[in-house]
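Visitor: Could you work out the structure for the sequence below:
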Amino acid sequence: MDAPAYFADSTNSIVIKNGSPYRLEYLLGLLNSKLFQWRFRLTSSNNNVGTNELESMPFCKINFDDLADKAQHTRMVSLVEQMLAAKPQLARAQSDKDKDFYTNRCDGLDRQIDALVYDLYALTPAEIKIVEGVAK
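Guide: The predicted structure is shown next:
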């Protein structure tokens with residue numbers, strides 16, 4: 001069975017090796033977080049992320065023998081799965097009420113993913129303000 005793959009408007013792809021305890025959703029959560037987007041903006045000269053940039057990213061490693069670490073991985077996977085389910089619902093929403101509901105749902109999931117990423121990387125409140133563009 002081939003590994004699942006996600007592609008954007010480029011040739012970059014991410015594949016999880018057979019036997020890896022990591023889930024693609026974990027990596028998707030990291031890559032789409034405010035922290036990683038901030039990092040990409042610092043190091044990229046355009047809006048495409050190159051393979052060299054992906055290879056240089058400090059992906060937070062999970063110690064799957066540590067219950068707290070494993071729980072963070074599981075939490076990220078759950079949040080991303082919820083986001084992947086909510087986005088198509090938002091795209092198909094017909095009424096303003098449904099659009100508002102799914103927009104708020106996605107925004108809330110984004111905030112939870114960002115908070116989890118900040119926790120994974122042990123960012124301080126001051127560092128979070130820099131990433132979020134609050135600090136000058």
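
Visitor: how far does the helix or strand of the chain with the lowest mean pLDDT sit from the chain's center?
Guide: Taking mean pLDDT, DSSP states H and E as the measure, the chain has helix 51-56 as its least confident helix or strand, at a mean of 73. Remark: helix 51-56 is offset 16 Å from the chain centroid, using C-alpha atoms, centre = their mean, to the nearest Å.

Visitor: just stretch 23-34 next, same as before
Guide: That offset, for stretch 23-34, works out to 3 Å (C-alpha atoms, centre = their mean).

Visitor: What are the buried residues along it?
Guide: For stretch 23-34, burial by neighbour count (16 or more other C-beta atoms under 10 Å) applies to 23-31, 33-34. (Glycine included, C-beta is placed from N, CA and C.)

Visitor: do stretch 90-103 as well
Guide: Result for stretch 90-103 [16+ other C-beta under 10 Å]: buried residues 90, 102.

Visitor: Check stretch 107-117 too.
Guide: Neighbour-count burial for stretch 107-117 flags 109, 112-114, 116-117 (criterion: 16+ other C-beta under 10 Å).

Visitor: Tabulate those (TSV), appending secondary structure, distance to residue 16 and pLDDT.
Guide: TSV is the format used below for the buried residues of stretch 107-117 (DSSP: H, G, I helix; E, B strand; the rest coil; distance: C-beta to C-beta, whole Å; pLDDT from 0 to 100):
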residue	secondary structure	distance to residue 16	pLDDT
109	helix	22	97
112	helix	23	98
113	helix	19	97
114	helix	23	97
116	helix	19	98
117	helix	19	97
